[in-house]
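> Sequence plus the predicted model coming up.
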Amino acid sequence: MSLETLVEEIRRRGEADLASVTASRTAESAKIVADRDRQIADLRAESARQTEADIAHERAQRLAAAKLQSRKLLYEAREKRLVEGIRETRDLLEEYTRSSQYPTVLKRMMGAATDTLGKQVRILGRGEDASLLAKVAGKSFDPTPQPILGGLIAETADGSRRLNLSFDELLRLREDRVRELLA
């Protein structure tokens, strides 16, 4: 074997190794590029999915906030209407105290008070009703004016029991029913 043959053999082996390494590098490079492209595609898909999820979540939150706001406004409007209705009811009761039927109502309230608390009662009422209550209750009437809309307040002589038949208290006790009627 001559030196030329040996050099030629070494060169062939070197070129074969070089071709093998180049092919391996090209295959590895293609694999890395394909892996990179797949990861980029996966990241883009995940980003698009996450963006859609965030948009849907934001949309749902805004929709829920809008529904809550509309319920709040509806409640406020209804409450305003009910408060106005209660105020009008109070005005009607105040007007009723000037009617010809009001003295009859005071007599019936006096009867209910004496039936509930007994004959010895102290009757309290508005200053405007002093003459009416003095006629109805006689000496049981206490002329100290009370800050009520109408009606009367009865107490036992010793003050241990009290029956509040004032229009204010009757309206307060039945406010839920009045609200129900006004709604």
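Alright, I've got the coordinates.
> Distance from stretch 48-62 to the middle of the chain?
How far stretch 48-62 lies from its chain's middle: 25 Å, per C-alpha atoms, centre = their mean, to the nearest Å.
> pLDDT (mean, whole number) over that stretch?
Averaging pLDDT along stretch 48-62 yields 94.
> cool, and stretch 9-24?
Averaging pLDDT along stretch 9-24 yields 87.
> Alpha carbons only: can I get it in CSV?
Taking C-alpha atoms only, stretch 9-24 is exported to CSV below (Å, rounded to 0.1, in the frame of the first residue of the first chain):
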residue,chain,number,x,y,z
GLU,A,9,-8.3,6.1,2.1
ILE,A,10,-7.9,8.7,4.9
ARG,A,11,-9.5,11.3,2.7
ARG,A,12,-12.4,9.1,1.7
ARG,A,13,-13.0,8.2,5.4
GLY,A,14,-12.8,11.9,6.3
GLU,A,15,-15.2,12.8,3.6
ALA,A,16,-17.6,10.0,4.6
ASP,A,17,-17.3,11.1,8.3
LEU,A,18,-17.8,14.7,7.2
ALA,A,19,-20.8,13.7,5.1
SER,A,20,-22.2,11.7,8.0
VAL,A,21,-21.6,14.6,10.4
THR,A,22,-23.1,17.1,7.9
ALA,A,23,-26.2,14.9,7.4
SER,A,24,-26.6,14.4,11.1
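> what does that stretch contact?
Residues outside stretch 9-24 that contact it (C-beta atoms under 8 Å, 6 or more residues apart in numbering): none are found. Glycine gets a C-beta too; all of them are placed from N, C-alpha and C.
> what about that stretch, distance to the chain center?
In terms of C-alpha atoms, centre = their mean, the centre of stretch 9-24 is found 80 Å from the chain centre.
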